[in-house]
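K.L.:
Take this sequence and fold it.
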Amino acid sequence: MVATDDVLTPVAVEFLELLAREFEAEREELLAARDARALALRAGGLPDFLAASAGVRGGDWRVPVAPADLADRRVEITGPTERKMVINALNSGARVFMADFEDSNSPTWANMLDGQRNLSDAIARTIRLQTPEKVYVLGERVATLLVRPRGWHLVERHFEVDGRPISASLFDFGLYLLRNHEALAAAGSGPYLYLPKLESHLEARLWNRVFERAQGLLGIPRGTIRATVLIETILAAFEMDEILFELGPHATGLNAGRWDYLFSVIKKLGHRPEFVLPDRAAVGMGVPFMRAYAELLVATCHRRGAHAIGGMAAFIPSRRDPAVNAVALAKVREDKEREVSQGYDGTWVAHPDLVAVALEVFDGVLGERPNQLEVAREDVKPDAAALLNVAATPGEVTLDGLRNNVSVAIQYIAAWLDGNGAVAIFNLMEDAATSEISRAQVWQWLRHGRFTREQVAAVTEEELAKLGAGYGPARELFDQVATGEEFIEFLTLPAYDVLSG
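P.N.:
The predicted structure is shown next:
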């Protein structure tokens, strides 16, 4: 039995119920709009910049200046809200820790409630963990805390309002804000968020309405909540200005969510042959369509005075294989040098041992400056054709690439079903986003005849034989989301139906 009374207090329950009753209908309308846009794309349409919001894109407006403890974001570390991870990430030397209720978290009921407890304890600086080997406590200097709630498409089945599961976004956000806004203010910080999976500026508008209402209910000054949006869908890439604009006084920046962005390209456009992607390992940030996206994000942010935060370095350093380490760290350095040269104000890493190399790269350019908002990137212009130029991506679809995708997806799904949402696989930190790419590529390659069903089935059996026993449920889910006739929007939706706890 999972204890809930200390988190779901009567005040918390009332607050969550109010948010759900006020905003659930609008959330459902926006999800229906997603479905309608997906149908339009499958009927032959392509994403484009919106004519109706040309005035926003052409307007002379800027987001509010970031709070003092959020001005310097040169390295951000990400990870789930597990207790040891929270302590290590806050102590890592990174400027920011993005505590994740979403892609690196398996949403068991215990994980969701313990995550809220861990963050409250961290803010109060009482968080502590004792193991047989070590006692973990916070150091004197810790990273600024940002929190990523789950996306609009997800629900929290353990908390119902009027007989229906609450939006997972409202549950995660509402509890975090209610429990911690006073302690954050006392510590000279605030409720800072990362918003995932947005597909339109209307979804940002809904978040803004939620922020306004929640601040009003709690007597918090307008604009106290600050949000950075992950641009991790191909549709959001065409509405970056509009998304910042709709967040109003709560906007702070955008992040290049590279892995989910690749997944989104396949999900939204993968039915068309010109959008077939080569092996995942071949699709770096330097390929034409990803470079166009990355540079437009910087140009958009800096025109508006918003932070541009770069993508994830997912490599996990090995203390047992110096040769593998050296090659991987060189790739991490190259990736971060590209980002800082493009104008990014900060970047993401997935492991504390990567903080130093990322800091070295950004320190070398930023020096004592907190960011490089003055880098305007006026050479970059919105270009729909460039954003959609997937066909120019070099690389091949290979049997090794298929094997990697099958193994990564099945291993990740198995771990997720076991309550772990951040998994080390083949020296990389895999989360839901990378697993989504893996299974989506298998689906796309099947659809366009790069492999037969018999080939995929044979590779799946071979990879399962290497893994051993215990992967039956994961294999069933993999077959459902990677080889089914119709593309399933998110693997976490059917996975949540069978998640225990």
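
K.L.:
Mind listing what's buried along the helix ranked longest in the chain?
P.N.:
The longest helix of the chain (DSSP state H) is helix 10-42. For helix 10-42, the neighbour count (16 or more other C-beta atoms under 10 Å) marks 12, 15-20, 23-24, 26-27, 30-31, 34, 37-38, 41 as buried. For glycine as for every other residue, the C-beta is placed from the backbone atoms N, C-alpha and C.

K.L.:
Please apply the same query to stretch 214-223.
P.N.:
A214, Q215, I220, G223.

K.L.:
got it, and stretch 154-163?
P.N.:
L154, V155, E156, H158, F159, V161.

K.L.:
quick one: secondary structure of the fourth one?
P.N.:
Spelled out, that is H158. Under DSSP: H, G, I helix; E, B strand; the rest coil, the three-state class of H158 is strand.

K.L.:
That one reaches A110, doesn't it?
P.N.:
No: the criterion here is C-beta atoms under 8 Å, and H158 misses it with A110 at 10.1 Å.

K.L.:
In PDB, please show the C-alpha coordinates belonging to the helix or strand following the longest helix of the chain.
P.N.:
The element immediately downstream of helix 10-42 (helix or strand, assigned by DSSP states H and E) is helix 54-58. What follows is helix 54-58 as a C-alpha-only set of coordinates in PDB (Å, rounded to 0.1, in the frame of the first residue of the first chain):
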ATOM      1  CA  ALA A  54       2.100  36.300 -38.800                       C
ATOM      2  CA  GLY A  55       1.600  39.400 -36.600                       C
ATOM      3  CA  VAL A  56       3.100  37.700 -33.600                       C
ATOM      4  CA  ARG A  57       6.100  36.600 -35.600                       C
ATOM      5  CA  GLY A  58       6.600  40.000 -37.000                       C
END
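
K.L.:
where do the helices sit along the stretch 151-300 of the chain?
P.N.:
168-186, 201-218, 240-247, 258-269, 288-303 (DSSP state H, counting those that start in this stretch).

K.L.:
Show me which positions of the helix or strand containing A465 end up buried.
P.N.:
A465 belongs to helix 453-467 when elements are defined using DSSP H and E. Residues V456, V459, T460, E463, L464 are the ones in helix 453-467 that count as buried (16+ other C-beta under 10 Å).

K.L.:
follow-up on the earlier one: now the helices of the stretch 151-300 of the chain as JSON lines including distance to Q130 and mean pLDDT?
P.N.:
Listed next are the helices of the stretch 151-300 of the chain as JSON lines, based on distance: least, C-beta to C-beta, whole Å; pLDDT from 0 to 100:
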{"stretch": "helix 168-186", "distance to Q130": "23", "mean pLDDT": "98"}
{"stretch": "helix 201-218", "distance to Q130": "34", "mean pLDDT": "98"}
{"stretch": "helix 240-247", "distance to Q130": "41", "mean pLDDT": "98"}
{"stretch": "helix 258-269", "distance to Q130": "35", "mean pLDDT": "96"}
{"stretch": "helix 288-303", "distance to Q130": "42", "mean pLDDT": "98"}
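
K.L.:
Go through those and name the closest to D60.
P.N.:
For those, the distance to D60 is smallest for helix 288-303, at 9.4 Å, taking C-beta to C-beta.

K.L.:
list the helices and strands the closest one packs on?
P.N.:
Packing partners of helix 288-303 (3 or more C-beta pairs under 8 Å, 6 or more residues apart in numbering; DSSP states H and E): helix 240-247, strand 251-256, helix 258-269, strand 307-313, helix 322-342, helix 384-387.

K.L.:
could I get those as a markdown table with mean neighbour count?
P.N.:
Listed next are the helices and strands packed on helix 288-303 as a markdown table, based on neighbours: other C-beta atoms under 10 Å:
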| stretch | mean neighbour count |
| --- | --- |
| helix 240-247 | 24 |
| strand 251-256 | 27 |
| helix 258-269 | 24 |
| strand 307-313 | 27 |
| helix 322-342 | 16 |
| helix 384-387 | 16 |
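
K.L.:
What about L8, how many residues nearby?
P.N.:
If you count neighbours by other C-beta atoms under 10 Å, L8 ends up with 17.

K.L.:
cool, and G93?
P.N.:
Quick note: G93 (other C-beta under 10 Å) scores 16 neighbours.

K.L.:
Report the secondary structure state of it.
P.N.:
coil.

K.L.:
quick revisit: closest one to L230 among the helices and strands packed on helix 288-303?
P.N.:
Of the helices and strands packed on helix 288-303, nearest to L230 by C-beta to C-beta is strand 251-256, at 4.8 Å.

K.L.:
CA atoms of the closest one as PDB?
P.N.:
Taking C-alpha atoms only, strand 251-256 is exported to PDB below (Å, rounded to 0.1, in the frame of the first residue of the first chain):
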ATOM      1  CA  ALA A 251       8.100  32.600 -20.700                       C
ATOM      2  CA  THR A 252      11.800  32.100 -20.200                       C
ATOM      3  CA  GLY A 253      13.200  30.000 -23.000                       C
ATOM      4  CA  LEU A 254      13.100  27.100 -25.400                       C
ATOM      5  CA  ASN A 255      15.000  23.800 -25.400                       C
ATOM      6  CA  ALA A 256      16.100  21.800 -28.500                       C
END
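
K.L.:
List the neighbouring strands of that strand plus their orientation.
P.N.:
With DSSP bridges as the test, strand 251-256 is paired with strand 226-231 (parallel), strand 307-313 (parallel).

K.L.:
quick one: average confidence on the shortest one?
P.N.:
The reference is to strand 226-231. Per-residue pLDDT over strand 226-231 has a mean of 98.

K.L.:
tell me the centre residue of the protein?
P.N.:
The chain has P196 as the residue nearest its centroid, 5.4 Å off, counting by C-alpha atoms, centre = their mean.

K.L.:
my guess is that residue contacts V147, does it?
P.N.:
No: counting by C-beta under 8 Å, no contact exists between P196 and V147, whose distance comes to 11.1 Å.

K.L.:
about what we covered before: among the helices of the stretch 151-300 of the chain, which is nearest H448?
P.N.:
For the helices of the stretch 151-300 of the chain, distance to H448 was read as C-beta to C-beta. The smallest value, 11.0 Å, belongs to helix 258-269.

K.L.:
If anything else comes up later, I'll come back, but that's it for now.
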